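Student: the sequence and its predicted three-dimensional model are supplied below.
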Amino acid sequence: MFETDYGVIVACDVKTLDELKNLVDVTAPVRGIVGYKVGFILGLNYGLANVVEAVQEFTDLPVIYDHQKASTDIPEMGPEFAAIMKNAGVNSAIIFPQSGPATEESFIKSLISLDIVPMVGGEMTHQKYLEKDGGYIKDTAPEKMYENGAKAGAEFFIVPGNKTDAIKKYAKLLSSITSPKFCFPGIGRQGGDIEAAFNACNCSSYAIIGSSIYKAPDPKSAAQQFCKVALSFL
């Protein structure tokens, strides 16, 4: 889906279409930017198709939709979700299949059938997510989500960029099944270091960076600094 094996995805967690357009306008020309992630803030306020159209005014780079969190419904919703993604014009969708393997398989295969690239998440970046840290999710659950995702045909995986030990663990697990491509949230303001995250796995890697770019005094310059590191891995 991306033109290079390493790069930066801009997480567009801004509140208005004008802010989105300004962000894409200044960052799209930066070498190393490979795509844009949009979420529910823009999608619910303006309609996902309108959000995609706003991005496409300035670039033909892929648009990734993060529903926070998709694939937590019954399996029958997989085709419905995929159809909405297709109609809106997104290129990829992030899922966190916390409701089980049947739903995960349905969502992944439904997306693939419509040429939408699924990105499968499992472990998140924040505290008190896994049971060992005081959260609700069993410690072994993310491994199952990633493993089943790979077996269902997914190639892209969302792993926490601020947890290098977790990156290494999931890279070892997935490399025995497929040739994984990792996307890292948690870089920047959540404590993750882009170079450390990329070094933790031996696979194509993309940093998902939001506020460290769009809240920077100069978003273009901030994007260039992150991209410089990403492109050094080529």
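Tutor: Good, I have the coordinates. Keep in mind that what you see is a predicted model, and the values were worked out from it rather than measured. Numbers count the residues shown, from 1 in each chain.

Student: give the buried residues for the helix or strand of the chain with the lowest mean pLDDT.
Tutor: Least confident helix or strand, the chain: strand 63-70 with a mean of 94, by mean pLDDT, DSSP states H and E. For strand 63-70, burial by neighbour count (16 or more other C-beta atoms under 10 Å) applies to 63-67, 70. Just so you know, the C-beta spots here come from the backbone N, C-alpha and C atoms, and that holds for glycine as well.

Student: of those residues, closest to residue 142?
Tutor: Using C-beta to C-beta, residue 70 comes nearest to residue 142 of the buried residues of strand 63-70, at 16.0 Å.

Student: ranges for the strands of the chain?
Tutor: Listed in chain order, the strands found in the chain under DSSP state E are 6-11, 33-38, 63-70, 92-95, 117-121, 156-158, 181-184, 204-209.

Student: quick one on the thing from earlier: and the least confident helix or strand of the chain, how far from the chain's centre?
Tutor: Relative to the chain's own centre, strand 63-70 is displaced by 8 Å; criterion: C-alpha atoms, centre = their mean, to the nearest Å.

Student: ok, now stretch 39-57?
Tutor: For stretch 39-57, the distance to the chain centre is 16 Å (C-alpha atoms, centre = their mean).

Student: same check on stretch 156-173?
Tutor: On C-alpha atoms, centre = their mean, the centre of stretch 156-173 falls 13 Å from that of its chain.

Student: and stretch 126-133, by the same measure?
Tutor: Remark: stretch 126-133 is offset 20 Å from the chain centroid, using C-alpha atoms, centre = their mean.

Student: start and end of it, how far apart?
Tutor: Its first and final residues considered, stretch 126-133 spans 10 Å by C-alpha to C-alpha, to the nearest Å.

Student: same check on stretch 115-125?
Tutor: Terminal-residue distance, stretch 115-125 (C-alpha to C-alpha): 28 Å.
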